[in-house]
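Chemist: predicted model, plus sequence, below.
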Amino acid sequence: MSKRDYYEVLGVARNASDDELKKAYRRCAMKHHPDRNPGDAAAEAAFKECKEAYDVLSDGGKRRLYDQHGHAAFENGMGGGNAGPGFGGGFGGADMGDIFGDIFGNIFGGGARQQGPRRGADVGYVMELNLEEAVAGVEKRIDIPTLASCEPCKGSGSEDGKIDTCGTCHGRGQVRMQRGPFTMQAPCPHCGGAGKTIANPCKHCNGNGRVEEDKTLSVKIPAGVDSGDRIRLAGEGEAGPAGAPAGDLYVEVRVRPHEIFERDGDDLHCEVPIRISQAALGDTVRVPTLGGEAEIRIPAETQTGKVFRLRDKGVKSVRSRAPGDLYCKVVVETPVNLTVAQRELLEQFEATFVGDNARRHSPKASTFLDGVKGFWERMKS
């Protein structure tokens, strides 16, 4: 039976980009993966087919050869297209981290393939905190979907514990390919570069040595973290294939917007509304801080936008020796829902602002009016 075109297998155009190839492969692999289709021989064959197609098309050199010569470019051991049962559980050395990486938040992994089993993929988790939790520190329990070592086979992938040296590459994981005057090395097509083969794959994990599971962890977030900070939990990522070491878990912090404070590094900023009478006559007002309440003294004739600084009332971040400051900007509010008596008092008050007397009591308005007058005079000239 002739092989299907690799582009047709992945459902992409011949000019597909690397990202389009990766997305198509992930869809195909997730749809046909044996863990999702236990006992389905057709699904297993389709899984192998899409893995084989991606192995070729994702490699620039192999893709050029395939575009020029088709499947003939990889016959007689000239390429990695005919991957047989290998150390990855009989699926052409497919790496589960590549398949589930984006779905499980594997945003920190990557790198070139290497000979033999590699460590498990790193896993990313985004933890949202409110400002109080980020400043004071907190311990939270999280649930993460991951790949864990298979218990029945202890991560080996072998039902009976027997793992043989690959007869094709003799355990090296690499094979030499001769094409004209050139000699190249490539991952062994039989064992997928592992150097080992399994005759009797574990039934629980299909020989992969890893299974999907939800893991619950307790994460301690230190005091003073901010959005973008990451906490590394060594060995809490995905289990490595064939018993290799596990990857790491990176918890990235995101601090939700606060209803009162805005954080800027170690400093905090907030707006404090005051009445016209408080701004004109002066007053002492109480303002909130993360450690309780504090007082600021509003001098008489304070204008809206005036900023008051409270030292050491900000945040002590994980990188700081001392806390930052709290900056309170006063905003003079126009009174609303006036009673008849209040309206009459304001009308009487407004009546006192007549002629040049009004300019003496409104410094900004006077400056503005002088500027407008000069503007019109320049326009007329």
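Modeler: Received, thanks.

Chemist: can you give me the helices in the stretch 251-381 of the chain?
Modeler: For the stretch 251-381 of the chain, applying DSSP state H, counting those that start in this stretch gives helices covering 276-281, 340-351, 356-361, 363-380.

Chemist: hey, least reliable of those by pLDDT?
Modeler: For the helices of the stretch 251-381 of the chain, the weakest mean pLDDT is recorded on helix 363-380, namely a mean of 65.

Chemist: which residues touch Cys328?
Modeler: His269, Cys270, Glu271, Val272, Val287, Ile296, Val307, Phe308, Arg309, Leu310 (Cβ atoms under 8 Å, 6 or more residues apart in numbering). Where C-beta positions appear, they are placed from N, C-alpha and C, glycine not excepted.

Chemist: try Asp266
Modeler: So Asp266 contacts Gly314, Val315, Lys316, Ser317, Ser320, Pro323, Gly324, Asp325 (Cβ under 8 Å, 6+ apart).

Chemist: was I right to think the last one contacts Phe308?
Modeler: No. Asp325 lies out of contact with Phe308 (Cβ atoms under 8 Å); the separation is 10.2 Å.

Chemist: one step back: of the contacts of Cys328, which belong to strands?
Modeler: Among these, the ones falling in strands (DSSP state E) are His269, Cys270, Glu271, Val272, Val287, Ile296, Val307, Phe308, Arg309, Leu310.

Chemist: just the buried ones from the residues you listed?
Modeler: Among the ones in strands among the contacts of Cys328, those buried by neighbour count (16 or more other Cβ atoms under 10 Å) are His269, Cys270, Val272, Val287, Ile296, Phe308, Leu310.

Chemist: what's the most distant pair in the residues you listed?
Modeler: Largest separation among these by Cβ to Cβ: His269 and Ile296, giving 13.8 Å.

Chemist: circling back: show me which of the contacts of Cys328 is closest to Val253.
Modeler: His269 (20.1 Å).

Chemist: quick one: that closest one from Arg286, how far?
Modeler: According to Cβ to Cβ, to the nearest Å, His269 stands 18 Å off from Arg286.

Chemist: after the lowest-mean-pLDDT helix or strand in the chain, next one along is what?
Modeler: Counting by mean pLDDT, DSSP states H and E, the weakest-scoring helix or strand in the chain turns out to be helix 96-100, with a mean of 37. Next helix or strand after helix 96-100 toward the C-terminus (DSSP states H and E): strand 123-129.

Chemist: does anything pack onto that next one? Which helices or strands?
Modeler: Counting contacts by 3 or more Cβ pairs under 8 Å, 6 or more residues apart in numbering; DSSP states H and E, strand 123-129 packs against strand 138-149, strand 210-221, strand 249-255.

Chemist: which other helices and strands contact the shortest one?
Modeler: Counting contacts by 3+ Cβ pairs under 8 Å, 6+ apart, strand 249-255 is packed against strand 123-129, helix 131-136, strand 210-221, strand 230-233.

Chemist: which residues touch the shortest one?
Modeler: So that's strand 230-233. Residues from elsewhere that reach strand 230-233 (Cβ under 8 Å, 6+ apart): Leu217, Val219, Lys220, Ile221, Pro222, Val225, Asp248, Leu249, Tyr250, Val251, Glu252, Val253.

Chemist: distance between it and the chain's centre?
Modeler: With Cα atoms, centre = their mean, to the nearest Å as the basis, strand 230-233 stands 13 Å off its chain's centre.

Chemist: quick one: buried residues of it?
Modeler: Under the neighbour-count criterion of 16+ other Cβ under 10 Å, strand 230-233 has Ile231, Leu233 buried.

Chemist: that older thread, adding pLDDT, neighbour count and distance to Met127, write the contacts of strand 230-233 out as a markdown table.
Modeler: As requested, the contacts of strand 230-233 are exported to a markdown table (pLDDT from 0 to 100; neighbours: other Cβ atoms under 10 Å; distance: Cβ to Cβ, whole Å):
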| residue | pLDDT | neighbour count | distance to Met127 |
| --- | --- | --- | --- |
| Leu217 | 94 | 15 | 11 |
| Val219 | 95 | 16 | 7 |
| Lys220 | 95 | 11 | 11 |
| Ile221 | 95 | 20 | 7 |
| Pro222 | 95 | 13 | 13 |
| Val225 | 95 | 24 | 9 |
| Asp248 | 93 | 20 | 15 |
| Leu249 | 94 | 25 | 11 |
| Tyr250 | 94 | 19 | 11 |
| Val251 | 94 | 23 | 5 |
| Glu252 | 93 | 17 | 7 |
| Val253 | 94 | 19 | 6 |
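
Chemist: now the residues you listed in JSON lines, with distance to Ala46?
Modeler: As requested, these are exported to JSON lines (distance: Cβ to Cβ, whole Å):
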{"residue": "Leu217", "distance to Ala46": "35"}
{"residue": "Val219", "distance to Ala46": "39"}
{"residue": "Lys220", "distance to Ala46": "44"}
{"residue": "Ile221", "distance to Ala46": "44"}
{"residue": "Pro222", "distance to Ala46": "47"}
{"residue": "Val225", "distance to Ala46": "45"}
{"residue": "Asp248", "distance to Ala46": "33"}
{"residue": "Leu249", "distance to Ala46": "32"}
{"residue": "Tyr250", "distance to Ala46": "33"}
{"residue": "Val251", "distance to Ala46": "36"}
{"residue": "Glu252", "distance to Ala46": "36"}
{"residue": "Val253", "distance to Ala46": "41"}
